[in-house]
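Asks: take this sequence and fold it.
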Amino acid sequence: MPVGSGGSAADTGAGAVRRRFPGRVYDAGVEPDPRFTLANERTLLAWIRTALALIAGGVALEALGLPLHPGLRLAASLLLLGMGLVVPVVAWWHWTHVETAMRHGRPLPVPRLGLPMAVGVLIVGILSVLGVMVGDGG
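Replies: Numbers count the residues shown, from 1 in each chain. Down below sits the predicted model:
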């Protein structure tokens, strides 16, 4: 039975091989140390939690009707929602590339989420401060 296939032949039936998703990642190269694979997965899950927080923040910003300028509040909310929708896709892409690199003994790819996230959060902060300064117009 292949390393990391999820159990012994007795667990899954004689001669059965459990497929792991995504096959293009798990079917290539050599199985790395499980600690590294699990660390990579924890990083992916952390980015997913971040995406959920961004989406919740974007919804809350509009739903709570804070006394901010409506246009600036909407812009900040949409930016948070947009980032929350993009982050999981980029995080998945990065997870697959890190896992593939580990399996082939190549250098790990450069993280791509840090700078765009920092810039996005900075813009949301600026929009929020301007929204407070301008007020809700009411």
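Asks: in contact with M83, which residues?
Replies: A51, L54, P116, M117, G120 (Cβ atoms under 8 Å, 6 or more residues apart in numbering). Placement of C-beta: from N, CA and C, glycine included.
Asks: try it again with 6 Å
Replies: Going by Cβ atoms under 6 Å, 6 or more residues apart in numbering, M83 touches L54, G120.
Asks: now name the helix or strand holding it.
Replies: Per DSSP states H and E, M83 falls inside helix 70-104.
Asks: quick one: the helices in this structure?
Replies: For the chain, helices defined by DSSP state H occupy the ranges 9-12, 23-26, 34-63, 70-104, 114-134.
Asks: would you format those as a markdown table with mean pLDDT included?
Replies: Shown next, in a markdown table, are the helices of the chain (pLDDT from 0 to 100):
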| stretch | mean pLDDT |
| --- | --- |
| helix 9-12 | 44 |
| helix 23-26 | 80 |
| helix 34-63 | 96 |
| helix 70-104 | 96 |
| helix 114-134 | 95 |
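Asks: just name the most buried of the ones you listed.
Replies: Ranked by mean neighbour count, these are led by helix 70-104 with a mean of 18 (mean count of other Cβ atoms under 10 Å).
Asks: angle of that one against helix 34-63?
Replies: Counting by axes from the mean of the first three to the mean of the last three Cα atoms, to 10 degrees, helix 70-104 lies at 170 degrees to helix 34-63.
Asks: so helix 70-104 versus helix 114-134, what angle?
Replies: In terms of direction (the same axes, to 10 degrees), helix 70-104 departs from helix 114-134 by 170 degrees.
Asks: how far out from the middle of the chain is helix 70-104?
Replies: Between the mean C-alpha location of helix 70-104 and the chain-wide mean there is a distance of 5 Å, by Cα atoms, centre = their mean, to the nearest Å.
Asks: try stretch 112-119
Replies: With Cα atoms, centre = their mean, you get 12 Å for stretch 112-119.
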